[in-house]
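Novice: with the sequence up front, the predicted model follows.
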Amino acid sequence: TVGYGVYSRKNWTTIKNCKIKEGKTSGSSKYAVYLVKAKNATVKNNTIINKGESYGSIYLASGSNFNTLSNNNISTSGTSNFGHGIYLYTALKNNITGNTIATLGPYGYAIYIQADSDFNTIINNNITTSGQYGHGVYIFQNSKSNILINNNFTSSNTDAYSIYLYTASKNNITDNTIAT
């Protein structure tokens with residue numbers, strides 16, 4: 001099953017003060033918020049609860065640039081693979097600030113930055129991961145010049161990294177708190 005809570009291809013979209021809940025544990029490619037080529041959007045003060053597999057609670061895809069994701073409460077609890085909190089794919093210059101993200105399940109990345117997603121700022125987030133390979137922030141596939149400042153990370157699985165850089169360069173990681 002594929003599904004979206006909110007889907008937008010428009011600039012200046014605002015999604016705020018919403019509760020978006022996906023209750024089925026079966027199915028894949030489900031997203032609470034899915035933005036494609038959307039610029040200058042604001043996603044703030046939302047509660048997002050996501051289950052299932054192969055999804056991102058907030059997904060900024062292909063050219064979704066200059067967006068602000070702030071003060072959201074995101075939880076994922078899929079029992080299968082790839083339940084991400086925030087997923088950026090070829091997305092530039094986005095601000096991710098003041099969010100609380102908790103992931104449970106294997107390969108559940110709290111923030112996943114992939115495929116030349118550059119110059120994103122990640123500040124003052126509280127991130128908890130507890131699944132196998134459940135990384136806090138995973139920066140991958142030539143994503144560069146991202147900034148991580150003053151985030152709190154808690155990872156409770158031996159195969160999970162709070163911050164994982166793979167084929168990623170020139171990223172700035174400053175004043176973060178990490179508990180494993």
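Specialist: That came in fine, so what should we check first?
Novice: contacts, neighbours, all on C-alpha from now
Specialist: Fine.
Novice: how about the residue nearest the centre of the chain, phi and psi?
Specialist: The geometric centre of the chain, computed from its C-alpha atoms, lies nearest to I86 (C-alpha atoms, centre = their mean), at 1.4 Å. In terms of degrees, to the nearest 10, the main-chain angles of I86 are phi -130, psi 130.
Novice: before we move on, what about N126?
Specialist: Here N126 shows phi and psi, under degrees, to the nearest 10, equal to phi -110, psi 120.
Novice: list the beta-bridge partners for it.
Specialist: Counting by DSSP bridges, N126 is bridged to T100, N152.
Novice: quick one: pLDDT of Q132?
Specialist: You'll see Q132 listed with a pLDDT of 85.
Novice: what's the neighbour count on it?
Specialist: Neighbours of Q132 under the rule other C-alpha atoms under 10 Å: 19.
Novice: tell me the spacing between T13 and L148.
Specialist: Using C-alpha to C-alpha, to the nearest Å, one gets 25 Å for the distance from T13 to L148.
Novice: who's more crowded, those two?
Specialist: More crowded of T13 and L148, by other C-alpha under 10 Å: L148, with 21 against 17.
Novice: and the more buried one, how far is that from A115?
Specialist: 18 Å.
Novice: and stretch 15-30, end to end?
Specialist: 17 Å.
Novice: oh, I was asking about stretch 65-73
Specialist: 22 Å.
Novice: just the mean pLDDT for that stretch, thanks.
Specialist: 98.
Novice: one more: stretch 30-38?
Specialist: For stretch 30-38, the per-residue pLDDT averages 92.
Novice: and the residue nearest to the centre of the chain, what pLDDT?
Specialist: For I86, the predicted pLDDT is 95.
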